[in-house]
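A.B. asks: After the sequence you'll find the predicted model.
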Protein chains: 2
Amino acid sequence: MKNIQGYVAEHKQRFQNELIELLKMPSVSADPAFKHDVLRTADAVKYSLEKAGCDHVEICQTDGYPIVYGEKMIDENLPTILVYGHYDVQPADPIELWSSPPFEPVIHKTDIHPEGAIFARGACDDKGQMYMHVKAMEFMTSTNQLPCNVKFMIEGEEEVGSVNLATFVKNNHEKLKNDVILISDTGMIAKDVPSITTGLRGLSYVEVEVTGPNRDLHSGLYGGAVANPINILTKMIASLHDENNHITIPGFYDKVEELSKEERAEMAKAPFSLDAYKKSLDIEAVYGEAGYTTNERNSIRPTLDVNGIWGGYTGEGAKTVIASKAFAKISMRLVPHQEWEEITELFKKHFESMAPKGVTVLVKPHHGGQGYVTPIDSLGYQAASQAYEESFGKKPIPQRSGGSIPIVSLFEQELKSKTILMGFGLDSDAIHSPNEHFGIWNYLKGIETIPLFYKYFTELSKKA
Amino acid sequence: MKNIQGYVAEHKQRFQNELIELLKMPSVSADPAFKHDVLRTADAVKYSLEKAGCDHVEICQTDGYPIVYGEKMIDENLPTILVYGHYDVQPADPIELWSSPPFEPVIHKTDIHPEGAIFARGACDDKGQMYMHVKAMEFMTSTNQLPCNVKFMIEGEEEVGSVNLATFVKNNHEKLKNDVILISDTGMIAKDVPSITTGLRGLSYVEVEVTGPNRDLHSGLYGGAVANPINILTKMIASLHDENNHITIPGFYDKVEELSKEERAEMAKAPFSLDAYKKSLDIEAVYGEAGYTTNERNSIRPTLDVNGIWGGYTGEGAKTVIASKAFAKISMRLVPHQEWEEITELFKKHFESMAPKGVTVLVKPHHGGQGYVTPIDSLGYQAASQAYEESFGKKPIPQRSGGSIPIVSLFEQELKSKTILMGFGLDSDAIHSPNEHFGIWNYLKGIETIPLFYKYFTELSKKA
């Protein structure tokens, strides 16, 4: 593509200022107090898409916050790219831990970002990364280099579980029809190590309740004679892992995708310092499933973690009580091909069957989502890889993320197309935490890389 | 003794009214708001002892609430009985669960108490049972039948751990010198089954803290790769019992007193319905150490129970977090000869040594107390047994209680004398709970039985 670096260099100041204006709007979807700001932000996104050259932009109402839809269809024989992003942000609390107000963006230099980074809630997740696509669109339309059709779907409820997006997608197959979905809502390994997220883990989240005697009992008079729900719960949870930290739920691993030696070798190329990792967490040693590295444990392997546990007396001092009930919240991260509803069922069946006489056990499924994987031989991945190679001067590393983006599997299921996760943020950008920021270098690099994806995806599609 | 039934019958109405007056005073030692009432109650007890015929009564100040001391020494060659009781009561909350105000005593008939029971906080624990001794004293002095010396030590901090009693006892060996200690602060098996508590369990109470990463982590990005403090805590707690529910702490059972076949056979005579027990707790089955009955498990065997556990996200809905810390409160009930400080040390050593790399474990000892046992061939037990046999018309059953009264072992250690636990309350009297009550029949039966203990103890002492 012609003169993309030049264009970015010329307009970088404006690109920063426009993003900063967007970041000033506290579009916190979780807190009704910000409703007006969330709606204002949707309008701002609509306006920015119009200015970027979309022919048709609309605010699509939902039962919650609206979805901003925009498109530019230049030739139906050309491929269509659907860009997904979100304009809502995480709550800013704990506010007191921010070194500058979360919705008054400031630019600071950091060790990792000597060119400066924009500090504000949403700077990286996802206003900054979403806006890269708007600015890339501007470049392509204003220089007449848009090589294919493009559609934008920018939602306002990602941080609260995309509650209304599924319905919107199910009801708009034709409108959202596309050949590939492009999302920048993940990260890259390091500034000098471009990477593309090729896999996400699925999720099954449950709550368990163990009930023993019909009331709290005096542990002196009853201790040792009745099943103590807390002791039983710890026994049951402990039994979910064996001595190698394999999960013991029957059938749990049946559909787990085993990666080839080659794929694992490819993954292992990602730079990683175990010492730095341990140091950053103040832990003496890592811990996990035997036979896998840390980076494999948190990405290509399924896991089971207790996210919360409670029961009995938890106040100051001592109370000699045997609680009637004990509770835990447990989540399982799943890998591609594991069906989350099926895993939830397997857990429920196994956990309830473990209950000894003397207690009753209830497993309440919370929610979940499918894992996802993009084959590195797919058109989309190849195009992305070439785009990174041109803009970064080196091939990107395919990486599996341990996190979950349930909507990605929804897209594949409903729209029958693959998603490419081109993330430009860094782990250190503190998304969801105080002092979230986004490197200006990363921001501009994204704007520079995205049009190249359009170019190569269109070329490869024609060849295909 | 002459005419004891007659005396009780003649004065029963007054005995009830006097107790009711005492119960109207909300002597809640745990709540400073009641300070004035607690002090008023001490005065009332002092007055009642004077009226009952003590020669010398005094209010002994401590760093907390005072101890009421009274005595009548008739002949230093005769044995001396030290009566211990307490005039403070448990808090009344939850108030809303009381069918009548806790400090406005009322008399109701119940299935178990067709003669009526006094409903009020402290009716049984311990004002009612303590006052039996005052009225028994009145009978003996007013009919010139006091056969020996008597001392009363009635404290006001039993419900808050007798914090200042130990110092008082240590500093007053001579004043408190006695041949046997008599306490009515326990229960009996049933109205028609008199019993004497011959054993109490000791206690070791600890709090444990497991620390993993230096902050809460995203369970997607870190799940499976680092030790999750909650999962580790459940593993550690679960490992404290083996498949037979024996406690696995090395050395834990070394000093446990094993009862003889005969003693266990004696215990087994206590009427007990497992079905009724399970029904009252709504449990399908009991649970505990292999090789022991329910009544053995909760009395002559040591136990380990989690009294509280907490960590991670415990609010509504779901949060995919790996907590930095997890906590539990754990108590062990101990049996005679187990040293509670030693057991606390064994627990701490074992639990901390179990910690896998990747977490740090801290065990904080809370408090504890020694177990206690009265041999059934002791003078005191024999005298009590004869007293019951005369007033109830049947031999009492020696019973081990699962609970702990730490001061009893303190008395033995400091005053070198055995304690006889003559309890007249019933399990169903709801001590420490709403609608606490004490059967009038039990109250009067206690007043009738106590002087017989004085009589037989004096006789047996002379023979000895």
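C.D. replies: The structure has been received and is ready for your questions.
A.B. asks: Can stretch A:296-310 be said to contact chain B?
C.D. replies: Yes - using CB under 8 Å from any CB of the partner chain, stretch A:296-310 reaches chain B at A:297, A:298, A:301, A:302, A:303, A:304, A:305, A:306, A:307, A:308, A:309, A:310. The C-beta positions use only the backbone N, C-alpha and C, and glycine is treated the same way.
A.B. asks: my read: residue A:400 touches residue A:198, true?
C.D. replies: Yes - using CB atoms under 8 Å, residue A:400 makes contact with residue A:198 at a distance of 6.4 Å.
A.B. asks: joint contacts of the two?
C.D. replies: Contact criterion CB atoms under 8 Å, 6 or more residues apart in numbering or on different chains; residues shared by residue A:400 and residue A:198: residue A:373.
A.B. asks: In space, what's closest to the residue most central in space within chain A - neighbours in sequence excluded?
C.D. replies: What sits nearest the mean C-alpha location of chain A, by CA atoms, centre = their mean, is residue A:405, with 4.5 Å. Counting by CB to CB, 6 or more residues apart in numbering or on different chains, residue A:200 is the residue found nearest to residue A:405 once chain neighbours are left out, at 5.4 Å.
A.B. asks: cool, residue A:392 as well?
C.D. replies: Nearest residue to residue A:392 in three dimensions, chain neighbours excluded: residue A:194, at 4.4 Å (CB to CB, 6+ apart).
A.B. asks: From chain B, how far off is that neighbour?
C.D. replies: For residue A:194, the distance to chain B (CB to the nearest CB, to the nearest Å) stands at 19 Å.
A.B. asks: which residues does that residue contact?
C.D. replies: By CB under 8 Å, 6+ apart, the contact list for residue A:194 reads A:188, A:388, A:392, A:394, A:395, A:396, A:397.
A.B. asks: likewise residue A:133?
C.D. replies: Taking CB under 8 Å, 6+ apart, we find residue A:133 in contact with A:83, A:85, A:152, A:182, A:184, A:450.
A.B. asks: So residue A:286, which state does it fall into?
C.D. replies: Here residue A:286 is coil, with the state taken from DSSP: H, G, I helix; E, B strand; the rest coil.
A.B. asks: Tell me where the stretch 101-250 of chain A has strands.
C.D. replies: Ranges of strands within the stretch 101-250 of chain A are A:106-108, A:117-119, A:149-155, A:180-183, A:195-200, A:202-211, A:217-218, based on DSSP state E, counting those that start in this stretch.
A.B. asks: what is the mean pLDDT for the second one?
C.D. replies: Per-residue confidence for strand A:117-119 averages out to 98 on the pLDDT scale.
A.B. asks: So what's the residue count around the residue lying closest to residue A:219 once chain neighbours are set aside?
C.D. replies: Using CB to CB, 6+ apart and skipping the chain neighbours, the partner closest in space to residue A:219 is residue A:320 (4.3 Å). For residue A:320, the count of nearby residues is 20 (other CB atoms under 10 Å in any protein chain shown).
A.B. asks: Residue A:375 too?
C.D. replies: By the measure other CB under 10 Å, the count of residues near residue A:375 is 11.
A.B. asks: that older thread, of the contacts of residue A:133, closest to residue B:443?
C.D. replies: Among the contacts of residue A:133, residue A:85 lies closest to residue B:443 (CB to CB), at 77.2 Å.
A.B. asks: Give the rounded mean pLDDT of the helix or strand hosting that closest one.
C.D. replies: Counting by DSSP states H and E, the element that carries residue A:85 is strand A:80-86. Averaging pLDDT along strand A:80-86 gives 98.
A.B. asks: Kindly report the same for stretch A:436-448.
C.D. replies: In this model, stretch A:436-448 carries a mean pLDDT of 97.
A.B. asks: From the contact counts, what lies against the helix or strand where residue A:455 lies?
C.D. replies: Residue A:455 is part of helix A:440-463 when elements are defined by DSSP H and E. Helices and strands touching helix A:440-463, as assessed by 3 or more CB pairs under 8 Å, 6 or more residues apart in numbering or on different chains; DSSP states H and E, comprise helix A:4-23, strand A:80-86, strand A:117-119, helix A:127-142, strand A:180-183, helix A:379-392.
A.B. asks: Relative to the shortest one, what are the paired strands and their orientations?
C.D. replies: Sheet partners assigned to strand A:117-119 using DSSP bridges are listed as strand A:106-108 (antiparallel), strand A:437-439 (antiparallel).
A.B. asks: picking up where we left off before, I'd like the strands of the stretch 101-250 of chain A as a markdown table, with distance to residue A:242 appended.
C.D. replies: Below are the strands of the stretch 101-250 of chain A laid out as a markdown table (distance: least, CB to CB, whole Å):
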| stretch | distance to residue A:242 |
| --- | --- |
| strand A:106-108 | 48 |
| strand A:117-119 | 44 |
| strand A:149-155 | 41 |
| strand A:180-183 | 37 |
| strand A:195-200 | 25 |
| strand A:202-211 | 19 |
| strand A:217-218 | 33 |
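A.B. asks: Turn those into TSV, columns for distance to residue B:58 and mean neighbour count.
C.D. replies: Shown next, in TSV, are these (distance: least, CB to CB, whole Å; neighbours: other CB atoms under 10 Å in any protein chain shown):
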stretch	distance to residue B:58	mean neighbour count
strand A:106-108	74	14
strand A:117-119	72	26
strand A:149-155	79	26
strand A:180-183	83	24
strand A:195-200	78	25
strand A:202-211	52	22
strand A:217-218	35	19
